[in-house]
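Peer 1: Structural data only, the sequence is not supplied:
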Ligand SMILES: NC(=O)c1ccc[n+]([C@@H]2O[C@H](COP(=O)([O-])OP(=O)(O)OC[C@H]3O[C@@H](n4cnc5c(N)ncnc54)[C@H](OP(=O)(O)O)[C@@H]3O)[C@@H](O)[C@H]2O)c1
């Protein structure tokens, strides 16, 4: 099974090739097919044929259950492994019946936690390597030497191909990078027509400077863009609806994605829908290129003011 070549691009000069759109497994446990490994495998297979070959996980998704739901599908159809790239994350520790020793929600970038978490993810996902491992959130107690040592160790052991971060500031990235012997290849961040901060707080500047392509979570603000009832939500939707005809977009969902794709850092949006018809429609956003003025119209509706 092969995906269209155009769907691939390295996310960093020394990083892995990921598909332009990534499928997010955060909500997999909520899908009506979640407990049917054959059905999950069929969804993955169809995504691969559409060119969506990269899958975003985290150990904690579904209260520590989503990786195993996905792994059951890989076990059911092992040929899928070589057709996909698996991203997963470590360091958030949830209060969960699956982790009775967690008394308070916290972050853990210690060596012991990273090594144990990677081994658990490999077992749950039913794979023998993870293409890309991300630190999920910046940990105020991160000892950069210890954390970098653990990340280098899982790479050296062949358990992880590449290392990245999520929700990190530029200075947090620079600190970790200063102790690593391989490049951080991405920062997975929240960006959408309703979440503009990374455009202006230096996050995207740093990524472009270091030729790292960002992975983008909640590109629809977790559907808030479609269902939010505030004046701001309505203003953003109104501007997008007024733009449908001139852009050739079928839906404002496609415009929300086109708003992200227009950024010169070449972001990779992570699609969070569990419904194949919606995913198919979202992928079609790739052919829409917003003009500067269209892009700034969306920005202005969201910010509630024109640029200075
Ligand atoms: N690194 C981090 O800290 C972090 C944080 C959050 C998420 N993530 C990653 O980012 C991924 C995407 O986040 P997200 O799920 O919040 O993404 P999103 O695309 O902003 O939201 C997806 C949600 O929108 C719903 N939706 C409603 N109408 C839709 C439509 N017309 N088209 C598409 N979706 C529609 C989907 O429901 P249906 O399933 O019913 O379509 C789904 O619940 C996650 O799966 C996860 O991998 C990472």
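Peer 2: Yep, that arrived. Worth saying up front: this structure is predicted, and the values here are computed from it rather than measured. Numbering: from 1, shown residues only.
Peer 1: Below-threshold pLDDT in the stretch 1-150 of the chain: ranges please.
Peer 2: Low-confidence segments of the stretch 1-150 of the chain (pLDDT under 70): 1-8.
Peer 1: Go again with 90.
Peer 2: In the predicted model, the stretch 1-150 of the chain carries pLDDT under 90 at residues 1-10, 15.
Peer 1: how about the strands in it?
Peer 2: Listed in chain order, the strands of the stretch 1-150 of the chain (DSSP state E, counting those that start in this stretch) span 8-10, 17-19, 22-24, 54-56, 85-90, 92-93, 106-107, 130-135.
Peer 1: Please name whichever of the ones you listed is nearest to residue 42.
Peer 2: For these, proximity to residue 42 was assessed by CB to CB; strand 22-24 is nearest, at 13.3 Å. Bear in mind the C-beta positions are built from the backbone N, C-alpha and C, glycine included.
Peer 1: thinking again about what came up before, now for the strands of the stretch 1-150 of the chain, which one comes closest to residue 170?
Peer 2: Across the strands of the stretch 1-150 of the chain, closest to residue 170 is strand 130-135 (CB to CB), at 14.7 Å.
Peer 1: in its sheet, what does the closest one sit against?
Peer 2: strand 85-90 (parallel), strand 160-166 (parallel) (DSSP bridges).
Peer 1: Of all the ones you listed, which one is nearest residue 283?
Peer 2: strand 85-90 (16.4 Å).
Peer 1: sorry, back to before: select, out of the strands of the stretch 1-150 of the chain, the one closest to the ligand.
Peer 2: With respect to the ligand, and counting by CB to the nearest ligand atom, the nearest of these is strand 22-24 at 2.1 Å.
Peer 1: How far off centre is that closest one?
Peer 2: 6 Å (CA atoms, centre = their mean, to the nearest Å).
Peer 1: Next one: that strand, is it in contact with the ligand?
Peer 2: Yes: shown here: strand 22-24 in contact with the ligand (CB under 6 Å from any ligand atom) through residue 24.
Peer 1: Same question for stretch 221-233.
Peer 2: Yes: for stretch 221-233, a contact with the ligand is found by CB under 6 Å from any ligand atom, at 221, 222, 223, 226.
Peer 1: Kindly report the same for stretch 181-189.
Peer 2: Yes: with CB under 6 Å from any ligand atom as the measure, stretch 181-189 is seen reaching the ligand through residue 188.
Peer 1: avg pLDDT for that stretch?
Peer 2: Mean pLDDT, computed over stretch 181-189, is 97.
Peer 1: Could you give me the buried positions within that stretch?
Peer 2: Residues of stretch 181-189 classed as buried: 182, 183, 184, 185, 186, 187, 188, 189 (neighbour count, 16 or more other CB atoms under 10 Å).
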